[in-house]
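Chemist: Just to be clear, the model below is a prediction. Sequence and coordinates:
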Amino acid sequence: MAQKIVAGNWKMNLSLSEGVKLVNGIESKIDSTDVRIIVFTPSLFAHPISQLNKKDTEVGVQNFNENEAGAFTGEISINQVKSVGVNIGLIGHSERRLYFNESHSVLKAKVDAAIGNGFEFIFCCGEPLDVREANQEFSYVKRQLDESLFHLTDAQIKGGTIAYEPVWAIGTGKTATTEQAEEMHKAIRTWIVEHYSEEIAETVSILYGGSCNPKNAEELFACPNVDGGLIGGASLNPEDFCAIINSF
Ligand code: 13P
């Protein structure tokens with residue numbers, strides 16, 4: 001069975017003290033522990049937040065560079081992230097694709113760097129509004145996966161995590177309906193079966209992201225192919241984030 005995960009993506013929000021307060025608040029409000037909880041903090045905060053040593057909340061980074069080391073001013077390598085005890089990161093968030101021009105090939109290099117360094121990742125995909133309006137969302141998302149992820153071997157993809165985040169639902173308050181989410185999640189699972197096997201497809205967690213909140217989380221998480229969520233705005237306060245986690 002795919003692992004159930006609820007992850008928060010803080011994006012470029014919160015000060016360190018606000019982040020500490022948030023994580024302390026999360027820990028005090030959680031009642032379900034069979035859900036894996038991760039907070040993706042700004043890289044600078046990953047170490048101090050992980051040092052809080054919370055039993056239920058793991059820490060990850062929102063981005064990392066695909067190169068081992070060297071003259072890449074302002075970037076951070078996997079080994080640097082790992083050296084502070086943080087072992088998971090996001091790859092290919094739509095904001096990275098859009099504002100930082102991260103291409104299919106750059107994302108593939110990040111996937112390979114992560115695999116090569118034993119670094120866990122959540123691979124993000126999702127179509128923009130014009131693509132959905134043109135009814136091209138399935139081919140668009142399939143291409144994102146084909147180009148950057150599905151070159152992995154059975155052993156490499158097994159137990160991995162994909163987040164489907166339709167760009168038109170991110171930060172807009174416009175959530176995908178349960179039908180829209182389930183339909184895409186089911187398609188993603190089917191592509192994994194086609195590339196790999198049924199057995200492997202069942203081990204991959206497929207998370208939904210995009211205006212997920214305490215009101216809609218329960219019905220989204222009840223979809224058979226939705227294994228959890230990647231939460232932006234609603235992960236920034238402990239009440240909403242914990243309500244989402246507890247809705248499992
Ligand atoms: P919102 O939940 O704010 O729509 O953001 C989703 C997201 O981008 C998580 O990575």
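Modeler: That came in fine, so what should we check first?

Chemist: make it CA atoms for all contacts and neighbour counts henceforth
Modeler: Noted.

Chemist: count of neighbours near residue 18?
Modeler: Number of residues near residue 18 (other Cα atoms under 10 Å) recorded here: 13.

Chemist: could I have the strand or helix carrying it exported to CSV, CA atoms only?
Modeler: Residue 18 belongs to helix 16-29 when assigned by DSSP states H and E. What follows is helix 16-29, C-alpha atoms only, in CSV (Å, rounded to 0.1, in the frame of the first residue of the first chain):
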residue,chain,number,x,y,z
LEU,A,16,12.3,31.3,11.7
SER,A,17,10.5,32.0,15.0
GLU,A,18,7.1,31.8,13.2
GLY,A,19,8.2,28.4,11.7
VAL,A,20,9.2,27.1,15.1
LYS,A,21,5.9,28.2,16.6
LEU,A,22,4.0,26.5,13.7
VAL,A,23,5.8,23.2,14.1
ASN,A,24,5.3,23.3,17.9
GLY,A,25,1.6,23.9,17.2
ILE,A,26,1.4,21.0,14.8
GLU,A,27,2.9,18.6,17.2
SER,A,28,0.5,19.6,20.0
LYS,A,29,-2.6,19.1,17.8
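
Chemist: And the contacts of that helix?
Modeler: With contacts defined as Cα atoms under 8 Å, 6 or more residues apart in numbering, helix 16-29 is touched by 45, 49, 52, 54-57, 236-239, 241-242.

Chemist: Check which residues of it are buried.
Modeler: For helix 16-29, burial by neighbour count (16 or more other Cα atoms under 10 Å) applies to 16, 19, 20, 22, 23, 24, 25, 26.

Chemist: Could you pull out the strands in this structure for me?
Modeler: Per DSSP state E, the chain carries strands over the ranges 5-9, 36-41, 57-61, 88-91, 120-125, 161-164, 205-208, 228-231.

Chemist: picking that back up, restrict the contacts of helix 16-29 to those near the ligand?
Modeler: Counting by Cα under 6 Å from any ligand atom, nothing from the contacts of helix 16-29 sits close to the ligand.

Chemist: Buried subset of the residues you listed, written for PyMOL?
Modeler: Restricted to buried positions by 16+ other Cα under 10 Å, the PyMOL selection for the contacts of helix 16-29 reads:
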select buried, resi 45+49+56+57+236+237+238+239+241+242
